[in-house]
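Asker: After the sequence you'll find the predicted model.
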Amino acid sequence: MIDNAKTTSSIKQAAEFTGLTEDTIRYYEKIGLLPYADRTASGRRAYSKRRLEGMVFLTRLKSTGMSLEEIKHFQKLYEQGETSLAQRVSILVEHKNKIENEIGRLLETQRIINYKIDNYNEVLVNPDINNTACDPIE
């Protein structure tokens, strides 16, 4: 874990803190998703606490299913400061709505699967070869 008293962290510490791999951090820097790291006198990458917090936020957006391009667009808006706040809120609300729709779809799928499991278990216990009804609404 990173010592909060430090002002900078190595790429290894950044990877441990954020859950990203070192290769992923380098890739995100290369594609412009993350700004290039500051460098120590010896040329090693160094990350400030603020940069680490930005990486964590990026990982959270990524974990919600937001694409790298969408995250990059969001990052560019963030860099514009308060003038882009309404746009950022709009993007997050739209993304939240997509997630809620996906949750609804997954819950419906789960309900159907549970029905099928219950139905099959009932058939296993009480086979009725004459019953061909299969109503997923029940």
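Answerer: On my side now, so go ahead. Numbering: from 1, shown residues only.
Asker: For the rest of this, base every contact and every neighbour count on C-alpha atoms.
Answerer: Fine.
Asker: Do you have the strands of the protein handy? List them.
Answerer: Along the chain, the segments classed as strands by DSSP state E run 8-9, 38-39, 45-48.
Asker: Tell me which of the ones you listed sits nearest to residue 87.
Answerer: Across the strands of the chain, the minimum distance to residue 87, taken as C-alpha to C-alpha, is reached by strand 45-48, at 26.8 Å.
Asker: Contacts for that closest one next, please.
Answerer: Around strand 45-48, the neighbours that count as contacts under C-alpha atoms under 8 Å, 6 or more residues apart in numbering are 7, 8, 9, 10, 11, 14, 37, 38, 39, 40.
Asker: how does it look with 10 Å?
Answerer: With C-alpha atoms under 10 Å, 6 or more residues apart in numbering as the contact definition, strand 45-48 has outside contacts at 6-14, 26, 36-40, 53-54.
Asker: Got a ChimeraX select line for the buried ones in these?
Answerer: Under the burial definition 16 or more other C-alpha atoms under 10 Å, those of the contacts of strand 45-48 that qualify are selected in ChimeraX by:
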select :8,9,10,11,13,14,26,36,37
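Asker: Just list the residues touching the one residue sitting closest to the centre of the chain, thanks.
Answerer: Closest residue to the average C-alpha location of the chain: residue 63 at 1.0 Å, with C-alpha atoms, centre = their mean. Taking C-alpha under 10 Å, 6+ apart as the definition of contact, the neighbours of residue 63 are residue 57.
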